[in-house]
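**Q** model this:
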Amino acid sequence: MSRHPTLVRGRALRAAAVLATFGAAPLGAQPDPYVPPPGEWAHRPPAALGLDSARLALAVQWAQSHEIDWLPDMATQLARNTAREPYPAIQGPFKDRGRPNGLVVHQGYIVAEWDDTRRVDMTFSVAKSYLSSVAGLAWDLGLIPDLDAPVRELIRDGMFDSPHNAPITWHHLLTQTSEWEGTLWGKPDIADRRNGYQRALMTPGTVWEYNDVRVNRLALALLQRFGEPLPAVLDRELMRPIGASDAWQWHGYRDSYVEIGGRRMQSVSGGGHWGGGVWASTHDHARFGLLHLRRGVWGQRRILSEAWLERAWCPVPLKPTYGYLWWLNTDRKQYAGAPATSVFALGAGGNVIWIDPALDLVVVARWLDGRATSEFMRLVTAAFPASARPASRGSATAPAPGAWRCPAT
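**A** Modelled structure (predicted):
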């Protein structure tokens, strides 16, 4: 039996949604899109799916020849990354990195693959998009009924009680506009303020700031709502259903433990900035990307609601290239080389999950020099027929073939 009655109700609603989606197929309907089974993934020659093989090969060569300037020795690299920060201590586990590798998936099939795509590596802030999906599970299951409600209505640990923090909503946390003030796992919010360490705090919802401490506060809040470790939730509700391997991991910090219901649990981190975060293979990241490309459906099973993904990929007015812990390519401002319909999970070190609904495309690249990423995307896009490439303006939620609309507010 589920620990949460709301989980039971949420699963029933999810099952009903799948029946509505896949109930009766009309005569002459197109076959279901290919879904890779666990442990397998079919390849197709690019030309068989209408792509220019030579141009796609150029993109792969570009990625292979533009490795990020990071040391394989992650202990030394993390120390370099945090050397000028006011609170530089590394608090979570880390591992040495592998070689650049990647996958290109079109129509569900692998059309290009290079180097060791089965190796498990750190992925840094790609973890934020995984955290977004866990928040989506919580919303779909009724654990967060109202994303615009103050977090303190459901989380009563004292960290949202101050006059400044009291108005903070789930939407604020998910869009990095919360301005949450406090200390978590030994790191004050000032530890990752990108706009000046001593700047004045603003009213929640009025400024966008990329801040790992606040993302970690969201992770703790989600742990408190589920009442079980988030890696267990992700594994049961998402990773196993999409056929991911059992090699991926999601770490927190050595001091990020709390007691819930008499059980000691670790709260995970939303990145590897101070160690920890999601560690996964390129293959597992590609499955995660394909689930989102397919609008939350895997085969005959709905895992995330389309309503959630519409919100997750809707541009934040304060930061039009950001959604719910996902990066957007609104008006091609994030990467000029990619279509405006593209969406990204991005992590330091050149870790990228690139999703484009209009192109039916998922690309995962590891340890790619950030200065070369846009050109890599341009080269991949150039492998598609000109007629298939989406318009240069708009966003993933703009009205366009394969794209979505923002939900009505």
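
**Q** Spatially nearest residue to the residue at minimal distance from the centre of the chain, not counting backbone neighbours?
**A** Central residue of the chain (C-alpha atoms, centre = their mean): Ser129, 1.8 Å from the mean position. Distances taken as C-beta to C-beta, 6 or more residues apart in numbering place Ala345 nearest to Ser129, at 3.6 Å, with adjacent residues excluded. No exception for glycine: its C-beta is placed from N, CA and C like everyone else's.

**Q** how long is stretch 191-201 from one end to the other?
**A** 14 Å (C-alpha to C-alpha, to the nearest Å).

**Q** let's have the chain start at 38 instead
**A** Taking 38 as the first residue, the last one we looked at is stretch 228-238.

**Q** Now it: average pLDDT?
**A** If you average the pLDDT over stretch 228-238, you get 69.

**Q** now do stretch 214-225
**A** pLDDT averaged over stretch 214-225 gives 97.

**Q** Next, the buried residues of that stretch.
**A** Buried residues in stretch 214-225, counting neighbours by 16 or more other C-beta atoms under 10 Å, are found at Thr214, Ser215, Glu216, Trp217, Glu218, Gly219, Leu221, Trp222, Lys224.

**Q** how about the residues you listed, which pair is most distant?
**A** The largest separation in these, counting by C-beta to C-beta, is between Thr214 and Trp222 at 21.6 Å.

**Q** Return the set of buried residues in the host helix or strand of the residue nearest to the centre of the chain.
**A** Taking DSSP states H and E as the criterion, Ser166 maps to helix 163-177. By neighbour count, with 16+ other C-beta under 10 Å as the criterion, the buried positions of helix 163-177 are 163-177.

**Q** longest strand of this structure?
**A** strand 286-297 (DSSP state E).

**Q** and the angle for the helix or strand just after it with strand 286-297?
**A** Using DSSP H and E, the helix or strand that follows strand 286-297 in sequence is strand 300-305. Inter-element angle recorded for strand 300-305 and strand 286-297: 140 degrees (by axes from the mean of the first three to the mean of the last three C-alpha atoms, to 10 degrees).

**Q** so what strands line up beside the very next helix or strand once past strand 300-305?
**A** Per DSSP H and E, the first helix or strand lying C-terminal to strand 300-305 is strand 314-317. Partners of strand 314-317 in the sheet, by DSSP bridges, are strand 158-159 (antiparallel), strand 286-297 (antiparallel).

**Q** List of residues touching strand 314-317?
**A** 129, 132, 157-164, 167, 281, 284-288, 305-308, 325, 384 (C-beta atoms under 8 Å, 6 or more residues apart in numbering).

**Q** Quick one: buried ones out of those residues?
**A** Among the contacts of strand 314-317, those buried by neighbour count (16+ other C-beta under 10 Å) are 129, 157-164, 167, 281, 285-288, 305-308, 325, 384.

**Q** Please report the distance of Gly179 from Ser342.
**A** 12 Å (C-beta to C-beta, to the nearest Å).

**Q** Between the two, tell me which one has more neighbours.
**A** Legend: neighbour count by other C-beta atoms under 10 Å for Gly179 and Ser342, higher for Ser342 (21 against 15).

**Q** Pretty sure the more buried one sits against Asp177.
**A** Yes: the criterion here is C-beta atoms under 8 Å, and Ser342 meets it with Asp177 at 4.9 Å.

**Q** Could you find the closest non-adjacent residue to Asp397?
**A** Gln144 (5.4 Å).

**Q** Now do the phi/psi pair for the one you found.
**A** phi 60, psi 30 (degrees, to the nearest 10).

**Q** what about it, neighbour count?
**A** 15.

**Q** Likewise for Pro352?
**A** Close neighbours of Pro352, defined as other C-beta under 10 Å, add up to 20.

**Q** go on, Gln213?
**A** When counting by other C-beta under 10 Å, one arrives at 23 neighbours for Gln213.

**Q** same question, Thr243
**A** Neighbours of Thr243 (other C-beta under 10 Å): 10.

**Q** Same question for Leu191.
**A** A count of nearby residues for Leu191, using other C-beta under 10 Å, gives 16.

**Q** for it, what are its contacts?
**A** Counting by C-beta under 8 Å, 6+ apart, Leu191 has contacts Ile181, Ala258, Gln261, Arg262.

**Q** Which residue comes closest to the second one once chain neighbours are left out?
**A** In other words, Ala258. Ala258's closest residue in space is Ile192 (C-beta to C-beta, 6+ apart), at 5.0 Å.

**Q** And the residue nearest to the centre of the chain, how far from Arg301?
**A** Distance of Ser166 to Arg301, computed by C-beta to C-beta: 27 Å.

**Q** Then Arg81?
**A** 47 Å.

**Q** so who does the nearest residue to Arg301 once chain neighbours are set aside touch?
**A** Leaving aside its sequence neighbours, Arg301 sits nearest to Tyr294 (C-beta to C-beta, 6+ apart; 5.7 Å). Applying C-beta under 8 Å, 6+ apart, we find Tyr294 in contact with Arg301, Met302, Gln303, Ser304.
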